[in-house]
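Engineer: Below: sequence and its predicted model.
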Amino acid sequence: DTHLAVKEVVRELMKLNIITLILGGDMTLSLAQYKGMAHSDVMLDMVMVDERFTFAENEESAAPDIHDYLFRIFTDRPNRISQFTLLGYQTYFIQSRDLDLLDQMKMNSHRLGAVRDDLKEMEPIVRDADLLAFNISALKSCDAPGYAFPSPNGFFSDEACQLMRYAG
């Protein structure tokens, strides 16, 4: 199972103080990465760059999917998320109840337009992240044409590179 393997590899690399970079896959690997990092008593700052998200639970499947991986991260016990920030979301892709829930949980969120207006403001947020997940769907479809659900809106590739530079 890919998720179990990612979790175990991340756990072992963390013990050796090796920074883990996962390329490819879908956003459910964020759950596996989180579980690998959450084994200790350390609290984690998580930044997710995505055009959409949901806190829905998929009760039909035991395996995480792209619709419930955040629900699984936030309901994990003990929870090791001290700070969560969502960057680049697009309001028309998100249900208002999910944004309200983020707000009630005192989590940060920044719309795509606000991030693009002043990308430099995101530098401390991204730099301090222990776990950064970047969904390719957050890019404009012209910059990421292979994505299954393309959108004409999103980050330009140079903006994504700048965010990754901050992370590095």
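Structural biologist: That came through, no problem. Numbering: from 1, shown residues only.
Engineer: Next one: the nearest residue to Asp130 once chain neighbours are set aside from Ile73, what distance?
Structural biologist: Distances taken as Cβ to Cβ, 6 or more residues apart in numbering place Leu44 nearest to Asp130, at 4.3 Å, with adjacent residues excluded. Every C-beta, even on glycine, is put in place using the N, C-alpha and C of the backbone. With distances taken as Cβ to Cβ, to the nearest Å, Leu44 is found 10 Å from Ile73.
Engineer: what comes up buried for stretch 26-37?
Structural biologist: Residues of stretch 26-37 classed as buried by neighbour count (16 or more other Cβ atoms under 10 Å): Met27, Thr28, Leu29, Ser30, Leu31, Ala32, Gln33, Tyr34, Lys35, Gly36, Met37.
Engineer: hang on, the earlier thing: give me the beta-bridge partners of the residue nearest to Asp130?
Structural biologist: Beta bridges link Leu44 to Ile81, judged by DSSP bridges.
Engineer: Tell me the confidence at it?
Structural biologist: The model reports Leu44 with a pLDDT of 93.
Engineer: Now do the contacts for it.
Structural biologist: Contact analysis of Leu44 by Cβ atoms under 8 Å, 6 or more residues apart in numbering lists Tyr34, Met37, Ala38, Arg80, Ile81, Ser82, Asp130, Leu131.
Engineer: Report the lowest-confidence entry in those.
Structural biologist: Ranking the contacts of Leu44 by pLDDT, Ala38 lands last with 88.
Engineer: Relative to Asn135, how far out is the residue nearest the centre of the chain?
Structural biologist: The centre of the chain sits closest to Met48, judged by Cα atoms, centre = their mean, with a distance of 2.6 Å. To Asn135, Met48 is 8 Å away according to Cβ to Cβ.
Engineer: Overlap in contacts, these two.
Structural biologist: With Cβ under 8 Å, 6+ apart, Met48 and Asn135 have common neighbours Met27.
Engineer: So what touches the lowest-mean-pLDDT helix or strand in the chain?
Structural biologist: Using mean pLDDT, DSSP states H and E, helix 69-74 stands out as the lowest-scoring helix or strand of the chain, at a mean of 84. Here helix 69-74 makes contact (Cβ under 8 Å, 6+ apart) with 27-28, 30-31, 34, 46, 48, 53-57, 64, 81, 84, 105.
Engineer: Kindly report the same for stretch 18-35.
Structural biologist: By Cβ under 8 Å, 6+ apart, the surrounding residues in contact with stretch 18-35 are 2-4, 6-7, 9-10, 13-14, 36, 44, 46, 48, 50, 64-66, 69, 72-73, 76, 80-81, 131, 133, 135.
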